[in-house]
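> got a predicted model here, sequence first, then my questions.
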Amino acid sequence: MTLPVAQGIGQVSGFADAVGASQSVFRHVMNAMARPGLVETISGTVTAPAPMTPAVAALALTLCDHDTSVWLDSAFAADEGAANWLRFHTGAPVTDDSQKAAFAFIGRGRSLPPFNAFASGTPDYPDRSTTLVIQVDTLDEGTELVLSGPGIRGTSLLRAGALPDDFPERMRLNRVSFPLGVDLVLVCGAQIVALPRSTRVASRKASSCT
């Protein structure tokens, strides 16, 4: 039986080796979550509709399935291409309600919505929260962020560009709610950095953390 091609998919594709590639990407994500601030590089490419980068697409293929609802920001939802691609390759339902999303894909880091727009979990089920996958312009320029907390020996520095000016304060409040809160994966090109909810983040100019 020949399956119809979903509208808006065009010449895009999924993993050539679905099992091997997804296992590799998953290891990179787990390493990044275990060591916040560590830059991991995802090898291999996935062709997805613009403006979704290959690394973001690889994360979507690895993390999303028919049980994980997905929310797209205006950059990704501007046309149906990204939503159709996600549905076709992962089976994930795309929701308009960010509070119901297991994963939120943010195409413009500067326009990152407030964290309270997403699910932070419940005291009994803190894992029922939203993971934010955020495209950023750079991971080596911009305001210096001082990271500390579990998985970090002492402190480490991150310079992620095109994030909101109040990003350190958002992360401070996110950590205050621990074990509730959202987890973040920043993506630039083929590189990813994770900032789980347990991570303390402060700007270099005011490096004291709560």
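Sure, I can see it. Keep in mind the model is a prediction, meaning the values are calculated, not measured. Residues are numbered from 1 along each chain as shown.
> and the helix ranked longest in the chain, what's buried?
Looking across the chain with DSSP state H, the single longest helix is helix 18-34. Within helix 18-34, the residues that count as buried by 16 or more other C-beta atoms under 10 Å are A21, S22, S24, V25, H28, V29, A32, M33. Bear in mind the C-beta positions are built from the backbone N, C-alpha and C, glycine included.
> which elements pack onto that helix?
Secondary-structure packing of helix 18-34 (3 or more C-beta pairs under 8 Å, 6 or more residues apart in numbering; DSSP states H and E): strand 40-41, helix 54-63, strand 183-188, strand 191-195.
> what's the offset of the longest one from the middle of its chain?
Meaning helix 54-63. 9 Å (C-alpha atoms, centre = their mean, to the nearest Å).
> swap in the last one?
Its chain's average C-alpha position is 8 Å from that of strand 191-195, according to C-alpha atoms, centre = their mean.
> and the shortest one, by the same measure?
Counting by C-alpha atoms, centre = their mean, strand 40-41 is centred 14 Å from the centre of its parent chain.
> middle-most residue in the chain, spatially?
Central residue of the chain (C-alpha atoms, centre = their mean): V133, 1.4 Å from the mean position.
> buried ones in the helix or strand where that one lies?
Taking DSSP states H and E as the definition, V133 sits inside strand 131-135. Within strand 131-135, the residues that qualify as buried are T131, L132, V133, I134, Q135, counting by 16+ other C-beta under 10 Å.
> need the helices for the protein, in chain order.
Taking DSSP H to define them, one finds helices in the chain at 18-34, 54-63, 74-77, 81-90, 167-176.
> in a markdown table, list those along with mean pLDDT and distance to P123.
What follows is the helices of the chain, written out as a markdown table (pLDDT from 0 to 100; distance: least, C-beta to C-beta, whole Å):
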| stretch | mean pLDDT | distance to P123 |
| --- | --- | --- |
| helix 18-34 | 90 | 22 |
| helix 54-63 | 94 | 24 |
| helix 74-77 | 95 | 31 |
| helix 81-90 | 94 | 30 |
| helix 167-176 | 96 | 15 |
